[in-house]
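1. need coordinates for the below:
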Amino acid sequence: QASALKMGWNAVKINSTGTMEQRGMDINHPRVIIAIAIIIKYISRKVQLHYVQVVPSDIGKTHPFKKEGNTIYIPPDSYVQEELQKKAAYNGLEDDEVYAYCKGLLRLAKQCMPKSRHSLLEPLVEMLEKHKTVSDEILKEAEDMGINPEKEMANSDAAELALRLSKNLYKEVVMTRQMLQNLENE
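-> Numbering: from 1, shown residues only. Here you go, the predicted structure:
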């Protein structure tokens, strides 16, 4: 049976032309998108250049992204699709298993990348510390406006919510660009 979340929850995939796709980033801030791209870059590089085996197993369920020698243990795809997706969609980082999965990925990323690049992961570190995602921020802002997320939103409320959420976007784009330029100059 297909997951009810199939349309919104697509994993990192290898497409038919052999390139990698990472989807579902469109509601995130530029710094979060950069952090995810950095994670993909450095873990992929480690796996490819150092012939690291990525093994789906029960170890990956209890210790997601555990690295032992030249092996990284990940949860089986069926577990991610049937369990973690739903928990992530309905409970986010408040779910202990989703939190452990994200924390394990971040830990692995830090092991695979130079310390000088760890600052790029700060938005993800903050999310884990607060147990709040960008989606949680959006829902909180809507709630502060008096919008009930259980009911259909009026177009005027949606427009107001979008304006409130985007007011810092330009500032963040400039900040992110400056941060990346500083790293290039190191």
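
2. phi and psi next, for the residue of the chain most remote from its centre.
-> When distances to the mean C-alpha position of the chain are computed (CA atoms, centre = their mean), the maximum falls on S156, with 29.7 Å. Note on S156: its backbone torsions stand at phi -70, psi -40 [degrees, to the nearest 10].

3. give me the element the spatially most central residue of the chain is part of.
-> By CA atoms, centre = their mean, the chain has its centre lying nearest to I36, at 5.9 Å. For I36, the host element (DSSP states H and E) is helix 30-49.

4. ok, residues contacting that helix?
-> For helix 30-49, the surrounding residues in contact (CB atoms under 8 Å, 6 or more residues apart in numbering) are 12, 20, 22, 25, 28, 52, 54, 72, 105-106, 108-109, 112-113, 117, 120-124, 127, 134, 169, 172-173, 175-176, 179-180. (Glycine included, C-beta is placed from N, CA and C.)

5. name the residues of that helix that are buried.
-> Of all the residues in helix 30-49, those buried under the rule 16 or more other CB atoms under 10 Å are 30-32, 34-36, 38-39, 42-43, 46.

6. what does the pLDDT read for the residue nearest to the centre of the chain?
-> pLDDT recorded at I36 is 90.

7. same check on the one 5 residues further on?
-> Confidence at K41, expressed as pLDDT, is 92.

8. ok, it to G146 distance?
-> Distance, K41 to G146, by CB to CB, to the nearest Å: 42 Å.

9. what about Y101, neighbour count?
-> Using other CB atoms under 10 Å, Y101 has 23 other residues around it.

10. now do P56
-> The burial count for P56: 15, using other CB under 10 Å.

11. same question, A159
-> By other CB under 10 Å, neighbour count at A159 equals 11.

12. what helices or strands is the helix or strand that it is a member of leaning on?
-> Using DSSP H and E, A159 maps to helix 155-166. Secondary-structure packing of helix 155-166 (3 or more CB pairs under 8 Å, 6 or more residues apart in numbering; DSSP states H and E): helix 134-144.

13. in the helix it packs on, what counts as buried?
-> In helix 134-144, counting by 16+ other CB under 10 Å, buried: 138, 142.

14. hey, where'd the strands end up in the protein?
-> Counting by DSSP state E, residue ranges of the strands within the chain are 13-14, 20-21, 53-56, 66-68, 71-74.

15. which one of those strands is the most hemmed in?
-> strand 71-74 (a mean of 20; mean count of other CB atoms under 10 Å).

16. that one pairs with which strands?
-> strand 53-56 (parallel), strand 66-68 (antiparallel) (DSSP bridges).

17. okay, these in CSV with mean pLDDT next?
-> Listed next are these as CSV, based on pLDDT from 0 to 100:
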stretch, mean pLDDT
strand 53-56, 96
strand 66-68, 96
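
18. can you pull the contacts of the spatially closest residue to Y101 that is not a sequence neighbour?
-> Distances taken as CB to CB, 6 or more residues apart in numbering put P64 closest to Y101, at 4.5 Å, once the chain neighbours are dropped. Going by CB under 8 Å, 6+ apart, P64 touches 73-75, 100-101, 104-105.
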